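Undergrad: Need coordinates for the below:
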Amino acid sequence: MDANSDLKRRTAREAATLLYFGAEKEYKQAKVKAAKTLGTHFLPSNLEVAVEIDKLAEALEGPARKERLISMRIEALKLMKLLESCEPRLIGSVWRGTIRRESDIDIETYHDTPEKILHILKEKHIKITKTEWVTTTKKGRAEESFHIYAETPGKHKVEIVVRKAEEAKKKRKCEIFGDELKGLNIQALESLLKENPAQKFIPE
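TA: Modelled structure (predicted):
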């Protein structure tokens, strides 16, 4: 490994440490701060930082991390089955297999009436802690989605995002890992839990 590559890897590790311990919330700021600390202009990619976060979590959290991941995937499947009519998909760190202590379960659903999803959750006695509309701008275009924050019976935090039904087939790129944001539908998650419940989905 040459000096520049080594410096870049150390910067990725420093940024990962900042993010893992909550000193920074956003990848960009963490990378800039890490580079400044190490006196370099070499910025690692988001993927390189994410891989270092995963290594750090593995080292610090031990075997309990794997058990928690499987538990969160099982809880996610139960929730997704409740929302089966809304094309639920597991995304985020629980899909990737890269959870850390503060991770929550991220589920995307597709429906034009968010109130219906809220009604289903309340009817099944899922604890709702907060709801909000979120607007993001991508490529100059505003996208609106409804976010439901909840808690599973197993006390895992969940964020359920409700997108318009027409967006269900739209391909999206993951801003952190750089690959397609595929996630897992109900059938894929069921198969995973039977065959390889702790499998990771990280691009090579």
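
Undergrad: what residue lies at the spatial centre of the chain?
TA: Gly92 (1.9 Å; CA atoms, centre = their mean).

Undergrad: For this protein, just list every one of the helices.
TA: 3-20, 27-38, 46-61, 63-82, 92-96, 114-123, 186-195 (DSSP state H).

Undergrad: quick one on the thing from earlier: now do the same contact list for the closest residue in space to the residue nearest to the centre of the chain that isn't next to it in sequence.
TA: Closest residue to Gly92 apart from its sequence neighbours, by CB to CB, 6 or more residues apart in numbering: Asp106 at 3.1 Å. The C-beta positions use only the backbone N, C-alpha and C, and glycine is treated the same way. If you count contacts by CB atoms under 8 Å, 6 or more residues apart in numbering, Asp106 has them with Leu90, Ile91, Gly92, Ser93, Val94, Trp95, Val158, Glu159, Val161.

Undergrad: which two in those residues are spaced the farthest apart?
TA: With distances taken as CB to CB, the most widely separated pair in those is Ser93 and Val161, at 14.6 Å.

Undergrad: So for the two, which sits in the more crowded spot?
TA: Using other CB atoms under 10 Å as the criterion, Ser93 and Val161 rank with Ser93 on top: 21 against 18.

Undergrad: so what's that one up against?
TA: Contact analysis of Ser93 by CB under 8 Å, 6+ apart lists Ile99, Arg100, Ser103, Asp106.

Undergrad: so how far is Lys164 from it?
TA: Going from Ser93 to Lys164 by CB to CB, to the nearest Å gives 25 Å.

Undergrad: same check, this time on Pro44
TA: In terms of CB to CB, Pro44 sits 35 Å off from Lys164.

Undergrad: Show me which of those two is the more surrounded one.
TA: Neighbours around Pro44 and Lys164, counted as other CB under 10 Å, are more numerous at Pro44. The numbers are 25 against 15.
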